[in-house]
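What follows is a predicted structure for the sequence shown.
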Amino acid sequence: MGAGNKKARYRMTAVDVFQKLFDAYVGCYRSRNAAGCASFFAKDAELYSPFGPAAKGRTAIETIHAEWLEEGGEDKVIEVVQAGIDGQIGWCLATFREGTTDDGTSLNVLYRQPDGGWLIRQCSLNETP
């Protein structure tokens, strides 16, 4: 069996799927694109954070990202450490790091879209002391 056949059988895990999504999100974050960051969230998404008030809806999520991005973000890193998918719903636990002071975890609930992509519906950030 050639290497091509092995590759054809490879299936992305839930961690792979959501890491790819968060890598694209980090790309927007590092380029200070608040609208791009918000585009990874559902229109009625909710984001809870110790870094500011709750943001409900994509517009509010874009606004809070614009505020965060004023402080930098060129070195943001997100690593998905656990994830699962059950039909049209997914979840992931990720760690994040930005600079030397902002570290933490995020727990996310995601919904599969009609095009097969995923959008974040709920996100809860927790700061690591």
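Right, received. Where do you want to start?

Could you export stretch 86-96 as CSV, CA atoms only?
C-alpha atoms of stretch 86-96 as CSV (Å, rounded to 0.1, in the frame of the first residue of the first chain):
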residue,chain,number,x,y,z
ASP,A,86,-21.7,14.9,17.9
GLY,A,87,-23.6,15.5,14.7
GLN,A,88,-24.1,19.2,14.1
ILE,A,89,-22.7,20.3,17.5
GLY,A,90,-19.0,20.4,18.5
TRP,A,91,-17.1,21.6,21.5
CYS,A,92,-13.5,22.3,22.3
LEU,A,93,-11.3,23.3,25.2
ALA,A,94,-8.4,25.5,24.1
THR,A,95,-5.5,27.3,25.8
PHE,A,96,-4.6,30.8,24.7
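
Next, report how far that stretch is displaced from the centre of its chain.
9 Å (Cα atoms, centre = their mean, to the nearest Å).

Stretch 87-106 too?
7 Å.

Only the buried residues of that stretch, if you could.
90, 91, 92, 93, 94, 96, 98, 102, 104, 106 (16 or more other Cβ atoms under 10 Å). The way it works is simple: take the backbone N, C-alpha and C, and place the C-beta from them, glycine included.

out of those, what pair is the most spread apart?
Farthest pair in the buried residues of stretch 87-106 (Cβ to Cβ) is 90 and 102. Separation: 25.0 Å.
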